[in-house]
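In: Give me the fold of what follows.
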Amino acid sequence: MRLVPHWSARRLAISAAAFMALGVGGVAKAAEPTQQELLERVNALQKQVEELKASQAATPEQDKVRRVDAAVGAVIQDADRRKLIAADGFSTSYTNGKL
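Out: I've put the predicted structure just below:
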């Protein structure tokens, strides 16, 4: 699930890094995170980015399903445009001198 659907994984990672940088150099003199804590945060963000990339990547099967759906949609749209298929499923084309 993406929190900001129109953001790419790279943009999300850059924004998160910028947010962390602003938070680390914050206005108040809060306890500075240790280098280990920062490293853990970076690793967590990298893991999130990898998960986002994996969820966005289409598997070959998903790609095939999209192509088939697009082809079926195009055929139905073409048939509707040409009025070759009647509502009951029978052909309304001209065959052997008959409709």
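
In: CA only for contacts and neighbour counts going forward, please
Out: Fine.

In: Could you pull up the mean pLDDT of stretch 32-40?
Out: Stretch 32-40 comes out with an average pLDDT of 92.

In: Kindly report the same for stretch 52-65.
Out: Confidence over stretch 52-65 (mean pLDDT, whole number) is 80.

In: distance between the ends of it?
Out: With Cα to Cα, to the nearest Å as the measure, stretch 52-65 spans 21 Å from end to end.

In: got it, and stretch 17-30?
Out: Terminal residues of stretch 17-30 are spaced 19 Å apart (Cα to Cα).

In: what's the domain layout of the protein?
Out: With automatic domain parsing as the criterion, the domains of the chain are listed as 1-57, 58-99.

In: For the chain, which segments are assigned as strands?
Out: Assigned strands in the chain: none (criterion: DSSP state E).

In: show me where the chain has helices.
Out: 9-24, 35-56, 60-82 (DSSP state H).

In: would you list these in TSV and tack on distance to Asn96?
Out: Formatted as TSV, the entries for those read as follows, by distance: least, Cα to Cα, whole Å:
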stretch	distance to Asn96
helix 9-24	59
helix 35-56	52
helix 60-82	19
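
In: want to try CSV for those helices, with mean neighbour count as columns?
Out: Supplementary listing: the helices of the chain in CSV, determined by neighbours: other Cα atoms under 10 Å:
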stretch, mean neighbour count
helix 9-24, 14
helix 35-56, 13
helix 60-82, 12
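
In: out of everything not next to it in sequence, what's closest to Lys53?
Out: If you skip the residues right next to it in sequence, Lys53 has Ala9 as its closest partner in space, 6.4 Å away by Cα to Cα, 6 or more residues apart in numbering.

In: my guess is the one you found contacts Leu52, does it?
Out: Yes. In this structure, Ala9 sits in contact with Leu52. The criterion is Cα atoms under 8 Å, and the distance is 6.3 Å.
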